[in-house]
Structures are given as C-alpha cells and as structure tokens.
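Participant: coords please:
(4 chains)
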Number of protein chains: 2
Amino acid sequence: MNIGKAAQATGVSAKMIRYYEAQGLIRPADRTEGNYRDFSERDLNDLRFIRRARGLGFSIEEISRLLSLWRDDARPSREVKAMAQKHLEDLDARIREMREMADTLRHLAHCCAGDDRPDCPILSDLAGAPTGQEQRAD
Amino acid sequence: MNIGKAAQATGVSAKMIRYYEAQGLIRPADRTEGNYRDFSERDLNDLRFIRRARGLGFSIEEISRLLSLWRDDARPSREVKAMAQKHLEDLDARIREMREMADTLRHLAHCCAGDDRPDCPILSDLAGAPTGQEQRAD
DNA sequence: GCTAAACCTTCCCATCAAGGGAAGGTCAAC
DNA sequence: GTTGACCTTCCCTTGATGGGAAGGTTTAGC
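Facilitator: You can find the predicted model right below:
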C-alpha cells in the first residue's frame, strides 16, 4: 500500500507519515522497485496508534515510548499509567493557565461597553490600571 | 535606559525586546553614541502593555492592533471588545479540546491497574479497542 | 504502445514565540 | 588602562505541521 492510500486509511497525512519515519517513530517502510514506500497492515496499525495518541495530546517523544511499551508483551502497566498521569498533570496545568486567561478576559470584556466611546477597561487593564481582577503574585 | 535595565524593569527579556522591535510591534528604540538602545519611560510602558497582553494569550499580531487602539484616543471600545471576544472564543475552544483529552486520559488512567502486569486499558484504547469512552465522529 | 494525469520521491522553507550562543564593539569600575 | 559586564548583530534550534519545487513512477485512457 503506497503512502497516499496509507494516509487515507489511517487519517495521518502523507507528510506526517514521512516525518514520523524520519524521526524514528516508526520503522522505515519497505520500498517497491520504484522506490515508493510500501506499508503493511502492521504499519497501518502503528500509524493509527500514533494518530490516537496525538489526539490525546502526547508528544512525538512520548508516543515513541508508548509504542515501545505497546510492542513489549512484558511491559508493566505501571509505566504506561505513570506516563499517562504525567501527561495528565501537564494538560491540567495548561488548562488551568488558559482558564485564568479566559476568566480574566471574560470579566474585562463584560465590563467593556463596546460602543463608539474610547473608554475601555480592557485597555486600561493592559496599561496597568488596577481593576481588582489582575493577577497577583501569590 | 539600556536594554538590560529595560528588561529588568518590564519583565520582558532583552531577546524579546529586540524581537518585538524587529517585528515592528514597538518603534525602534533611540540609540546612544555607542549604538546601544536607549529606552524612554514611554517605551517601558509599551513593553509592560505587551507583557500583560501576552499574559492573556494574545498573539503578536493581535497585540500590534491592541497597541494601535491604545494609542488612538478616538478608538471605539467596540473594536477592542470584539478582539477580546474573538480571542476568548479561541481560548474557550482550545480549553474544551484539552479538557476532552484530559477527561479521556483520566478515565483510562483510572481504569489502569498500574502494576507489574502488561494488561493496560490505556494501550488498548490507543490500539483501537472499543472502551465506551473513545471519541466518536459526531 | 503512447501520453497525460495522478501519484510518488527528496529537499528546502515557513510557521510562532522564545532561547542559545558566537564574534565583536562599548562602557564602567577599580 | 585593564578587566569584566554589558551591548550589538547574526545565525541556529525548538515542535508538529504544511507548502511547494524539481524530478521520477505508475496508471488510465485512447
């Protein structure tokens, strides 16, 4: 199966398949006489695994490790769980940060008249005016 | 005030100050005889504005527009509010995505024994096994 | 069996906001 | 007047992804 069909079958773009190969995430695909990549069913399964792991926000490096664990029949599930929990902490931290941004912004936008006049609490906040809502150093 | 002092005074690194200047976000700073950048109080205020706007997640391009509005005494606050709301939508969308990832991952990690045995619902999910929790195409 | 289109290959470039580091010029303290 | 701390510009790297060029291969139509 050539790269275009493999891309269609897995939902991973041809570009990204080549990139994953270059990064050593997947083994180099077989080649046809004409030097076209030739993907096996197993290759497709790896690509689908990668697509799902990307969908959960794992980095290429983390996915590389997850693939090794997946292929290792003697893996301790402890290791997989530890990776998941570490990634979960990262996600939660980033969500928290973004929620703080969003909450601040929501408050400021709510306080802004949004009309023809220039007075704007959003700009006042960015300019450093105290509002009772700015982030304090804890 | 030279770039090091300006960086300290504003919380924006010297690297980033030069970058913002190169990107046209701030006007080119004055120069001393020795070709050092020389920042005025007004420059510092611009840098602080940028730092706060970055803290709310605005992109360089958006900040460029916000700075123009800030400097324009005749701005309609409507424009600022519209920018804030657009950015807020982006933030909320990204938060939603990440929360879906985190929730899925939390469930999978919760279901994983995390011991010496190889059985692992996290890997099973990534490998495509149905779990009742995977994301469906709506 | 030829031709054109569709596909593949590699290689380089861009994104975005930041940092690293080299080579060389300037300034300040002692 | 030397030394060390600072500044300057320039280029490279990050991470995951896409764009596009130049050129080779395969396939479908005739």
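Participant: next up, phi/psi of A:Pro37, please.
Facilitator: No, residue A:37 isn't Pro; it's Arg. Main-chain dihedrals, A:Arg37, degrees, to the nearest 10: phi -70, psi 150.
Participant: distance of it relative to A:Ile50?
Facilitator: In this view, A:Arg37 and A:Ile50 are 16 Å apart by Cβ to Cβ, to the nearest Å. Using the backbone N, CA and C atoms, a C-beta is placed for each residue, glycine as well.
Participant: repeat for A:Gly4
Facilitator: Distance of A:Gly4 to A:Ile50, given as Cβ to Cβ: 18 Å.
Participant: and for A:Gly57?
Facilitator: To A:Ile50, A:Gly57 is 13 Å away according to Cβ to Cβ.
Participant: before we move on, what about A:Gly128?
Facilitator: 46 Å.
Participant: looking at these two, which one has more neighbours?
Facilitator: Neighbour count, other Cβ atoms under 10 Å in any protein chain shown: between A:Gly128 and A:Ile50, A:Ile50 has more, with 24 against 13.
Participant: please report phi then psi for the nearest residue to the more buried one once chain neighbours are set aside.
Facilitator: Once flanking residues are discounted, A:Ile50 sits nearest to A:Ile63: 5.7 Å by Cβ to Cβ, 6 or more residues apart in numbering or on different chains. Note on A:Ile63: backbone dihedrals following degrees, to the nearest 10 are phi -70, psi -40.
Participant: give me the most central residue, chain A.
Facilitator: A:Gly57 (3.3 Å; Cα atoms, centre = their mean).
Participant: SS state for the residue nearest to that residue when sequence neighbours are not counted?
Facilitator: Excluding the flanking residues, the one nearest A:Gly57 by Cβ to Cβ, 6+ apart is B:Met101, at 4.6 Å. Three-state call for B:Met101 (DSSP: H, G, I helix; E, B strand; the rest coil): helix.
Participant: what residues are up against B:Met101?
Facilitator: B:Met101 makes contact with A:Gly55, A:Leu56, A:Gly57, A:Leu91, according to Cβ atoms under 8 Å, 6 or more residues apart in numbering or on different chains.
Participant: how far away is it from A:Met98?
Facilitator: Distance, B:Met101 to A:Met98, by Cβ to Cβ: 13 Å.
Participant: re earlier: do you know how far the residue nearest to A:Gly57 is from DNA strand D?
Facilitator: Plainly put, B:Met101 is 13 Å away from DNA strand D if you go by Cβ to the nearest atom of the strand, to the nearest Å.
Participant: now A:Ser59
Facilitator: In terms of Cβ to the nearest atom of the strand, A:Ser59 sits 3 Å off from DNA strand D.
Participant: and for A:Ile26?
Facilitator: 12 Å.
Participant: and for that residue, the neighbour number?
Facilitator: 21.
Participant: quick one: contacts for it?
Facilitator: Counting by Cβ under 8 Å, 6+ apart, the residues that A:Ile26 touches are A:Ile17, A:Tyr20, A:Asp43, A:Asp46, A:Leu47, A:Ile50, A:Leu67.
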